[in-house]
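>>> A structural model of the following input is requested.
(chains A and B)
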Amino acid sequence: GAVVSQHPSWVICKSGTSVKIECRSLDFQATTMFWYRQFPKQSLMLMATSNEGSKATYEQGVEKDKFLINHASLTLSTLTVTSAHPEDSSFYICSASYLAYEQYFGPGTRLTVT
Amino acid sequence: KQEVTQIPAALSVPEGENLVLNCSFTDSAIYNLQWFRQDPGKGLTSLLLIQSSQREQTSGRLNASLDKSSGRSTLYIAASQPGDSATYLCAAYSYSGAGSYQLTFGKGTKLSVIP
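Numbers count the residues shown, from 1 in each chain, chains lettered A, B, ... in the order given. As a prediction, this is how the structure comes out:
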């Protein structure tokens, strides 16, 4: 149980384009979903927290107009990187939790912007 | 703001050795503490989760302890194997308001087990 999937697992896009990453909880309803970013040899940094049906709460320093998060249902959250640039290249990981319990992590999405 | 520190940043041991990874956190008012494993280029694998009311958790060759008063947790790996080579991350759950809990990660300890 408690499986979280992400799609795509890796994506390459050109500078200036937008890319969407999906995060799904497969066997439970996720009241809260989290998005993290991990740069090479760095730890995970929380980008934003989203509750189903509400606007996401972004961490300080994260541009909400650049990283659009939608949590439209209890099993799906999406992260859209708009007008991507090479410095946005990173490993993006989502997690999902039911109420205030343990977070379950997706396998991550490797984004490369050329 | 919670800060999580892991020492050492890297560790190399011969196969069969027992080892301890250290984690410290600044805010003792944590909800849970969790240890993860991350292989290169991969996502996170949860190893052990210790609830704030617990002092330790065990799974196979792994044992994690938690001392909230001193702000420390340790992950003990017995009889290390080359397959244990990975980066181990410690993360603390802290209450962030409105019924939500956030995870703060350490930078990890990169473990290499030499055959």
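
>>> who touches the nearest residue to B:Ala64 once chain neighbours are set aside in this structure?
Leaving out its chain neighbours, the residue that sits closest to B:Ala64 by Cβ to Cβ, 6 or more residues apart in numbering or on different chains is B:Leu48, at 4.3 Å. Using the backbone N, CA and C atoms, a C-beta is placed for each residue, glycine as well. Residues counted as contacts of B:Leu48 (Cβ atoms under 8 Å, 6 or more residues apart in numbering or on different chains) are B:Gln34, B:Trp35, B:Gln57, B:Thr58, B:Ser59, B:Leu62, B:Ala64, B:Leu75.

>>> Mark which of those are buried, thanks.
Buried subset of those (neighbour count, 16 or more other Cβ atoms under 10 Å in any protein chain shown): B:Gln34, B:Trp35, B:Gln57, B:Leu62, B:Ala64, B:Leu75.

>>> Let's see which of the contacts of B:Leu48 end up in strands.
With DSSP state E as the criterion, strands contain B:Gln34, B:Trp35, B:Gln57, B:Thr58, B:Ser59, B:Leu62, B:Ala64, B:Leu75 from among the contacts of B:Leu48.

>>> nearest to A:Lys14, of those?
Lowest distance from A:Lys14 to those (Cβ to Cβ) belongs to B:Gln34, with 37.4 Å.

>>> Give the helix, strand or coil label for the nearest residue to the closest one once chain neighbours are set aside.
Sequence neighbours aside, B:Leu49 is the residue nearest to B:Gln34 in space, at 4.5 Å (criterion: Cβ to Cβ, 6+ apart). Secondary structure, DSSP: H, G, I helix; E, B strand; the rest coil: B:Leu49 is strand.

>>> Repeat that for the one 5 residues further on.
Three states are possible here, and by three-state DSSP the one that applies to B:Gln54 is coil.

>>> What number of residues are in the vicinity of it?
13 (other Cβ atoms under 10 Å in any protein chain shown).

>>> what about it, distance to chain A?
To chain A, B:Gln54 is 13 Å away according to Cβ to the nearest Cβ, to the nearest Å.

>>> Same check on B:Gln102?
Distance of B:Gln102 to chain A, computed by Cβ to the nearest Cβ: 6 Å.

>>> Let me see the contact set for residue 37.
Answering for chain A, as no chain was given. Contacts of A:Arg37 (Cβ under 8 Å, 6+ apart): A:Leu44, A:Met45, A:Met47, A:Ser90, A:Phe91, A:Tyr92, A:Ile93.

>>> that's the other chain; I wanted chain B
B:Leu44, B:Thr45, B:Leu47, B:Ala86, B:Thr87, B:Tyr88, B:Leu89.

>>> What lies in contact with stretch A:91-99?
Against stretch A:91-99 from outside (Cβ under 8 Å, 6+ apart): A:4, A:6, A:21, A:23, A:25, A:28-39, A:44, A:77, A:79, A:103-111, B:41, B:43-44, B:99, B:101, B:103.

>>> List buried members of those by neighbour count.
A:4, A:6, A:21, A:23, A:25, A:28, A:30-38, A:44, A:77, A:79, A:103-106, A:108-109, A:111, B:43-44, B:101, B:103.

>>> Quickly list what the residue nearest the centre of chain A is bridged to.
Residue closest to the average C-alpha location in chain A (Cα atoms, centre = their mean): A:Trp35, at 3.8 Å. Beta-bridge pairing for A:Trp35 (DSSP bridges): A:Ala48, A:Cys94.
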